[in-house]
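K.L.:
Everything below, folded, please.
(chains A, B, C and D)
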Number of protein chains: 4
Amino acid sequence: MTVKVGVVGYGTIGSRLAHAASLQKDMELTGVADVAPTLTLRALKARGMPYKLYCIDKQKIKSFDDASIPVAGTLDDLLGEVDIVLDAAPGGIGAKNKQLYMKYDLPAIFQGGEKGEVADVFFHGYANYEKGLGKKYLLLTSCNTTGLIRTVDCLDRAFGIDKVAVTIVRRCADPGDTHRGYVDLARVEPVPTHQAVDLMEIMPHVKATGVLVHVPITHGHIISVVATPKRSVTKEQVLKEFSAHPRIQVVRIADGFATNTSLFQFSRFAHRPAADMYEVAVYEETVGLIDHDLVYAIYIPQEAVTIPETIDGIRASLKMQTDRLQAVSLTNKHLGLEPKTPIS
Amino acid sequence: MTVKVGVVGYGTIGSRLAHAASLQKDMELTGVADVAPTLTLRALKARGMPYKLYCIDKQKIKSFDDASIPVAGTLDDLLGEVDIVLDAAPGGIGAKNKQLYMKYDLPAIFQGGEKGEVADVFFHGYANYEKGLGKKYLLLTSCNTTGLIRTVDCLDRAFGIDKVAVTIVRRCADPGDTHRGYVDLARVEPVPTHQAVDLMEIMPHVKATGVLVHVPITHGHIISVVATPKRSVTKEQVLKEFSAHPRIQVVRIADGFATNTSLFQFSRFAHRPAADMYEVAVYEETVGLIDHDLVYAIYIPQEAVTIPETIDGIRASLKMQTDRLQAVSLTNKHLGLEPKTPIS
Amino acid sequence: MTVKVGVVGYGTIGSRLAHAASLQKDMELTGVADVAPTLTLRALKARGMPYKLYCIDKQKIKSFDDASIPVAGTLDDLLGEVDIVLDAAPGGIGAKNKQLYMKYDLPAIFQGGEKGEVADVFFHGYANYEKGLGKKYLLLTSCNTTGLIRTVDCLDRAFGIDKVAVTIVRRCADPGDTHRGYVDLARVEPVPTHQAVDLMEIMPHVKATGVLVHVPITHGHIISVVATPKRSVTKEQVLKEFSAHPRIQVVRIADGFATNTSLFQFSRFAHRPAADMYEVAVYEETVGLIDHDLVYAIYIPQEAVTIPETIDGIRASLKMQTDRLQAVSLTNKHLGLEPKTPIS
Amino acid sequence: MTVKVGVVGYGTIGSRLAHAASLQKDMELTGVADVAPTLTLRALKARGMPYKLYCIDKQKIKSFDDASIPVAGTLDDLLGEVDIVLDAAPGGIGAKNKQLYMKYDLPAIFQGGEKGEVADVFFHGYANYEKGLGKKYLLLTSCNTTGLIRTVDCLDRAFGIDKVAVTIVRRCADPGDTHRGYVDLARVEPVPTHQAVDLMEIMPHVKATGVLVHVPITHGHIISVVATPKRSVTKEQVLKEFSAHPRIQVVRIADGFATNTSLFQFSRFAHRPAADMYEVAVYEETVGLIDHDLVYAIYIPQEAVTIPETIDGIRASLKMQTDRLQAVSLTNKHLGLEPKTPIS
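P.N.:
A predicted model of the protein is given here:
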């Protein structure tokens, strides 16, 4: 059986969800919905409209005609056809959209821009897959939290983690954003940052705090982690665990992977679609110990990092797989993350 | 007959030349050569090594082994097999490499980082194709000059251009560059900038000057042009000419194309390989008149803009086509630029 | 007789107007008014409260107490004491404030963020001083227009200027702005930019157009100008005129003045208050000719450039001086601009 | 008795050392030395040459004449007159200059750009003043280390500190730097960063490690600290200690001090010379606890932060004061840091 998936909102996240869903052999992307002929949709047209487009606001259908972008129907048409919705509307709109999904009795997965109350469960494919099983409304963790938890969960399952203190060096805008950039400016936020709080909700047995510094970069966040394991670990043991994880790439500064952009550029040169990267990267030379505490730094590709866990969410919500590892492994396989190819 | 092409230097430009040459149905990419397992080559490996790699420095062959990148032979092996070389070595190295190409009696095309004396002719596919016919050593114009000339040559052939004064708002570093960026800083250069001087060499009947301002951006340059046509023109006539040019995209600010990054992001979302763009863009709303002078602003995608004209250079040097329009049209067709698809 | 001046709004512009007014020997700064204990006012307190502070919103007076910033009275108190108001409220608020100034029958000078209808005349100290004589409400040109006009007016009075086409490389945010920056992004605007339109209003005998590119810098704008003089000029003649102007500094790239920040840093190292600069700078090596057209690039220090012309506005509005040169010269003298000291 | 001080190298650090030395009532700034009429020296001229300038390279004396900057003599002349030298030459040059200082049997203080072997002791005014007593050659800690140690030493003396793990969000270039900026790029370095290693050399009883991320900002670094105290502390106790320290400012995000630039802008608006700030700032809302560990974030004004500790070094090297607190307190008093004025 093939699950029919609809994506509402075809922007930075929605466009990637659509592509990822279309790659899952046990899913079918019925279509995407949006309100206006954005640059993202113009680019979809340049790709030959591989997906059907549904118009959210009937009154604006003429704008698609003007842009010569074919429209397959209305949002209602889309919702009438699908088994599940991936909501990628701007933050806050998802909660409004939920009323519509409820009308169609459709399960839905929301992105980190929405508030907790929109969903039945706060979800992470690797860390709490079981909690999402059969739940109708899932809320994904945000990009930083998703990537951070991948590494903490990886260590926690191997060694047990007691607490983590993180410093998030956060990109302040996506590439092309004209509404929220900073110039020559770093901005700090009160502790604890929401990512630490969210981590504790997903992994309630781990204590966490965090400092967040917004900086003027666009191609991904960098997080430095101070983690206290429950037992002594060596740098080698840590690297071995990270290296084995399908959604973590261990890269070497010595190989040229010293920056956020090195990973973005690698993705471009590798001709990955949209120059995207689903994996987080751990900079090998940043893994160190101080007393028994573990230190490491990771790269979070903000645009694509949550995509695999969202696909996992479909599997959990619809009980396509009840086993965590079987589920994530299928997602990984269809996204090309398993078998894993190290890049450094 | 298929022309065998070798690319020396597999970096920002070389990687794109290789891809473009591989797309030409009347050419064959024999292989690429470089000295070390750079990030670009690691990405080529991630693509499954679609091209053969030749090692420039035999002593460093072990470094490729360490990176599990297969090596097909040495630079000499490559030069022994090809009909022409595209040199994309770092600025100044091309002149040294020329000695080697001469030893193999091979024609070669150099990029804008080299000095004029390396070549027999300073070349632009659209503006002076005929001058390159049968010439052994061609020097391509730099990225800004290449893109600027496309538009000036387009207007010149339609209306006649007497003089141009340009202001180049130049990206100071490529994405990922760690050696030449600026923070919160714009730097001016003495007039006339070399791009104006180069334009006069390619188009000696046009007077030109230019102011250049380096700014802290990475995704392309923006040039504002004040051009004095030989006869009165209207905005509509100008847009009609630009719109008809296969290597120029007329885009509308109103459609979301208000920035350099809008074009970069469009290329990403369109899943163009490496998020590249061969065309320059003219921002429609910047086309205006003051008295009889014409004003407009263009976007130059610095990484890929010179690629089509370099392929044109192969056609000229080897006399594959003696007719200018026939040559550029073939290049365009193989790069997907003809028939043209407007993006805005 | 000493003119009593009040400044409403003590932010980026207001703080500088207050300082400049306090330096004028024939004026007296009665006080400044604002709504909250901003960072700027905390800094005023650190300077020992050299000016009296008036509270715009009585209900918020407690917030000043909490910050230990002494309040001398209310806005009404201030307006009751002064002869003229310099309005430096955020864009659009000035128009509302005008009602209050009218109630007190007070002349007022507004900054470029307000719309034209707020004022009787659009004013520039050097270019149209006479138009401001005795006018009750003056609107200053914006920072780019003010600085640009200084140079165009300078040339126009010396040689006659027929038309100008400018390219404004505009800083997108002030230092510290968290609400309007760009990262790795340049944004273009439709032609003609408002600065060109404004120039034509101030100097109706000159034709003008302009391209504007916002870039991610904070320390000043750079404008490149293509000007068509009415008669042939030489580079030397042009430099001589610029060099003689008290509000224009001719600087040499060869002396280290190659950037926007070089002028900002110079001001810091010179211990100028707030590291400010009233003058625009012309980069000597950018002055050039193409045919009979003149090309040059200037630096506009956005935070302080309009200050002298605003002080000129007081002189005009209150008819303190009826002669243009006598007026600007007095302003210059009190600001340390006359006698002039070249910096390069 | 007044100590005669010479400053060699009048750049970013040297200009500030000269100003600070000139403010010490028990010292006399004999003069400064440099090789060329830099922008910094042109600004000194604009200030009316408050200090005498000595020429390091006699052959280049003409360049000062061309810039109308008066020269008082040669470096030898300066060294013949002073009691101690503050070396602020570019990194690595100090070691060469030392030969000259030895010839004149002069004590000297070097900046963090030099290697450890240049000096007898690695010095920090607050943390190890006693080690510098009577030592001929002192090496100051770098800007980040100096500021970081201020806070760690402050906590250590109050509560005892066992270990610290820091994340340094480092400005990659000074304002105006054209040779080392990054655009849209963050770069990580291997752990432990040198600042952590240096801290352990100055405070050998504290364990330390650190992650360093270079980011595209110019106005100061931000460091997040995870510190493990020897006994339980409260947030209030920590803030009380920081608030009492003359070289630490506790600032509130709620008061508008949310960024690096807020502190820079405050310094500008406060008309501090060169918009400088000697103090580090602790963002109050970033002080938090996780288990028994303490978390906080600080701002390091890279250009001026080491100045007070360098002046302390004069006091130690020449045994002007043998008591640590007496020494730093005198430095503070002359720099306006005692009595302390909170800014938030």
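K.L.:
all helices for the stretch 151-300 of chain A, in order.
P.N.:
In the stretch 151-300 of chain A, the helices defined using DSSP state H, counting those that start in this stretch lie at A:194-202, A:235-244, A:260-269.
K.L.:
so how far is the first one off the chain centroid?
P.N.:
Helix A:194-202 has its average C-alpha position 15 Å from the chain's average C-alpha position, going by Cα atoms, centre = their mean, to the nearest Å.
K.L.:
Also the last one?
P.N.:
Here the centre of helix A:260-269 is set off from its chain's centre by 18 Å, with Cα atoms, centre = their mean.
K.L.:
Any residue of it touching chain D?
P.N.:
Yes. On the criterion Cβ under 8 Å from any Cβ of the partner chain, helix A:260-269 is in touch with chain D at A:Asn260, A:Thr261. All C-beta spots, glycine's among them, are computed from the backbone N, C-alpha and C.
K.L.:
Summarise which helices and strands that helix is packed against.
P.N.:
strand A:248-251, helix B:39-46 (3 or more Cβ pairs under 8 Å, 6 or more residues apart in numbering or on different chains; DSSP states H and E).
K.L.:
now for these, which one comes closest to chain D?
P.N.:
Counting by Cβ to the nearest Cβ, chain D lies closest to strand A:248-251 out of the helices and strands packed on helix A:260-269; the figure is 10.4 Å.
K.L.:
Could you tell me which residues within the closest one count as buried?
P.N.:
Within strand A:248-251, the residues that count as buried by 16 or more other Cβ atoms under 10 Å in any protein chain shown are A:Ile248, A:Gln249, A:Val250, A:Val251.
K.L.:
That one pairs with which strands, parallel or anti?
P.N.:
strand A:280-283 (parallel) (DSSP bridges).
K.L.:
Quick one: mean pLDDT over the strand it pairs with.
P.N.:
For strand A:280-283, mean pLDDT rounds to 98.
K.L.:
Check stretch A:134-150 too.
P.N.:
Here the average pLDDT along stretch A:134-150 is 98.
K.L.:
Surely A:Ala95 forms part of a helix?
P.N.:
Yes. Counting by DSSP: H, G, I helix; E, B strand; the rest coil, A:Ala95 is part of a helix.
K.L.:
State the number of residues packed around it.
P.N.:
17 (other Cβ atoms under 10 Å in any protein chain shown).
K.L.:
Not counting residues beside it along the chain, what's closest to it?
P.N.:
A:Val118 (4.9 Å; Cβ to Cβ, 6 or more residues apart in numbering or on different chains).
K.L.:
Likewise for A:Ala119?
P.N.:
Nearest one to A:Ala119, counting by Cβ to Cβ, 6+ apart, is A:Leu139 at 3.5 Å.
K.L.:
Then A:Lys115?
P.N.:
A:Ala95 (6.8 Å).
K.L.:
picking up where we left off before, and for the host helix or strand of the residue nearest to A:Ala119, what's in contact with it?
P.N.:
In the assignment (DSSP states H and E), A:Leu139 maps to strand A:137-140. Applying Cβ atoms under 8 Å, 6 or more residues apart in numbering or on different chains, the contact partners of strand A:137-140 are A:98, A:107-112, A:114, A:116, A:118-124, A:132, A:146, A:306, A:309-310, A:313, A:316-317.
K.L.:
Which residue would be the closest one in the stretch 1-150 of chain A to chain B?
P.N.:
Closest point on the stretch 1-150 of chain A to chain B, by Cβ to the nearest Cβ, is A:Ala43, at 3.4 Å.
K.L.:
what about the spatially closest residue to A:Pro37 that is not a sequence neighbour, how many neighbours?
P.N.:
Residue nearest to A:Pro37 in three dimensions, not counting chain neighbours: A:Ala67, with 3.8 Å by Cβ to Cβ, 6+ apart. When neighbours are defined as other Cβ under 10 Å, A:Ala67 has 15 of them.
K.L.:
if I look at A:Lys60, how far off is B:Asp312?
P.N.:
Look at A:Lys60 and B:Asp312: by Cβ to Cβ, to the nearest Å, they are 43 Å apart.
K.L.:
So which of those two has more stuff around it?
P.N.:
B:Asp312 (27 against 14).
K.L.:
buried stuff in stretch A:68-79?
P.N.:
So stretch A:68-79, judged by 16+ other Cβ under 10 Å, has buried residues A:Ile69, A:Val71, A:Ala72, A:Gly73, A:Thr74, A:Leu75, A:Asp77, A:Leu78, A:Leu79.
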